[in-house]
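J.: Turn this into a model:
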Amino acid sequence: MKTQIAPVRTSTQRADAIEAAVYLLTGGYPVALPTETVYGLAAWALNPEAVLRIFQVKERPKFDPLIVHLPNQDWLNNLCVIHDEDLDLVQSLVARFWPGPLTLVLPRNKIVPDLVTAGLPTVAVRMSAEPVFKEVIEGFGQPLAAPSANRFGRISPTTAAHVYEELNERIHLIVDDGPCEYGVESTIVMPTKGKLWILRDGPVTRAQLSEFGEVETQHRKKMPHGPGQLKSHYAPRARLTLLKHDEAPLPAGKGPVGLLAWCSAPQAKGFAHVEILSRTGNYQEAASTLFAKLRILDSMGMNRIIAESVSEEGLGIAIMDRLRKASGNG
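T.: This is a model prediction of the structure:
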């Protein structure tokens with residue numbers, strides 16, 4: 001199977017790419033689509049055979065649930081059961097953050113296949129703000145399951161080229177709308193009885209969520225309670241070591257060692273290659289380039305990657321979450 005990359009730079013290219021994506025989705029085949037967070041491998045969420053193809057393409061274990069993207073807010077009540085005590089909170093979150101990078105985990109209706117939820121009584125749902133994704137899902141008219149468009153456990157893709165590296169000859173189509181805006185996956189929250197349980201940190205920060213209720217952290221369990229909760233994830237091939245805050249980076253060990261630095265690299269002597277997340281110390285820039293720079297280091301054949309920590313405030317919490325999981329200590 002030869003994978004086609006469909007650019008959307010002109011109106012004609014955009015229309016052709018969207019038409020091709022909808023055609024494949026209708027046939028039950030997964031396609032790679034841009035979202036504002038990372039590129040997703042999308043398939044018809046209510047078609048178990050289509051969803052199964054996502055797991056097969058990604059080599060993803062079936063105990064790891066998927067996020068379902070909705071064409072519009074009307075689908076929320078079709079897929080989810082929202083209890084009266086949570087209704088006001090859910091409506092407030094939807095009004096503030098949708099469409100956008102916030103995923104809500106809610107009790108599910110029977111219409112959602114067990115394969116999507118890994119048999120859990122809940123389903124993770126969101127609406128993407130990415131223009132091309134919105135056109136595709138609105139044209140398709142059905143919910144799309146869309147985990148990151150990479151092989152399971154690997155670095156998430158933030159460009160079409162990254163998807164091609166991961167899934168060439170595994171899927172038919174990659175729709176290319178350039179680099180993703182945020183570069184890290186959506187924030188995942190379970191609203192329950194006035195509390196907001198964070199299952200995964202992301203672009204919607206704890207400070208933003210705290211305006212709507214008490215924020216708590218759902219501690220990781222042996223089996224995921226929702227998407228993005230595995231201990232090891234987003235990992236390069238090379239072993240990644242995450243330094244403690246203010247710990248000096250040293251290129252110890254055999255073979256070439258790469259450094260993923262925060263905002264400068266004055267102590268980078270001895271490293272085979274250095275990538276800097278943000279020279280100005282900007283968390284948004286760092287988040288949007290994190291996975292791309294990990295890929296650069298990994299593609300250069302490093303035996304080991306040393307990553308500096310960032311302060312855990314705002315988006316820094318999400319960055320550190322991804323680095324911990326990349327090191328196998330999430």
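J.: Mind jotting down where the helices sit in this structure?
T.: 11-26, 48-58, 74-79, 84-97, 114-117, 131-140, 160-167, 206-209, 283-299, 315-326 (DSSP state H).
J.: In terms of secondary structure, what does the first one contact?
T.: In this case it means helix 11-26. strand 4-7, strand 31-33, strand 40-44, helix 131-140, strand 173-176 (3 or more C-beta pairs under 8 Å, 6 or more residues apart in numbering; DSSP states H and E). From N, CA and C alone the C-beta is placed, and that goes for glycine too.
J.: List the buried residues for that helix?
T.: 14, 17, 18, 20, 21, 22, 24, 25 (16 or more other C-beta atoms under 10 Å).
J.: Please work out which of the helices and strands packed on helix 11-26 is packed deepest.
T.: Of all the helices and strands packed on helix 11-26, strand 31-33 carries the top mean neighbour count, a mean of 30, counting by mean count of other C-beta atoms under 10 Å.
J.: That one: how far from the chain's middle?
T.: Relative to its parent chain, strand 31-33 has a centroid offset of 13 Å by C-alpha atoms, centre = their mean, to the nearest Å.
J.: Touching it from outside, list them.
T.: With C-beta atoms under 8 Å, 6 or more residues apart in numbering as the test, strand 31-33 has contacts from 20-21, 24-25, 39-43, 130, 132-133, 136, 144, 146, 149, 157, 160, 163, 167, 171-175.
J.: Need the mean per-residue confidence for stretch 304-324.
T.: Average pLDDT, stretch 304-324: 95.
J.: First-to-last residue distance for that stretch?
T.: With C-alpha to C-alpha, to the nearest Å applied, stretch 304-324 spans 15 Å between its terminal residues.
J.: buried stuff in it?
T.: 304-310, 314-324.
J.: do the same with stretch 249-266
T.: Buried, per 16+ other C-beta under 10 Å, within stretch 249-266: 249, 251, 256, 257, 258, 259, 260, 261, 262, 265.
J.: ok, residue 255 - contacts?
T.: Here residue 255 is in contact with 302, 303, 304 (C-beta under 8 Å, 6+ apart).
J.: and if we set it to 10 Å?
T.: 238, 272, 301, 302, 303, 304 (C-beta atoms under 10 Å, 6 or more residues apart in numbering).
J.: go on, residue 206?
T.: So residue 206 contacts 187, 189, 196, 198, 215, 217, 312, 313, 314, 317, 318 (C-beta under 10 Å, 6+ apart).
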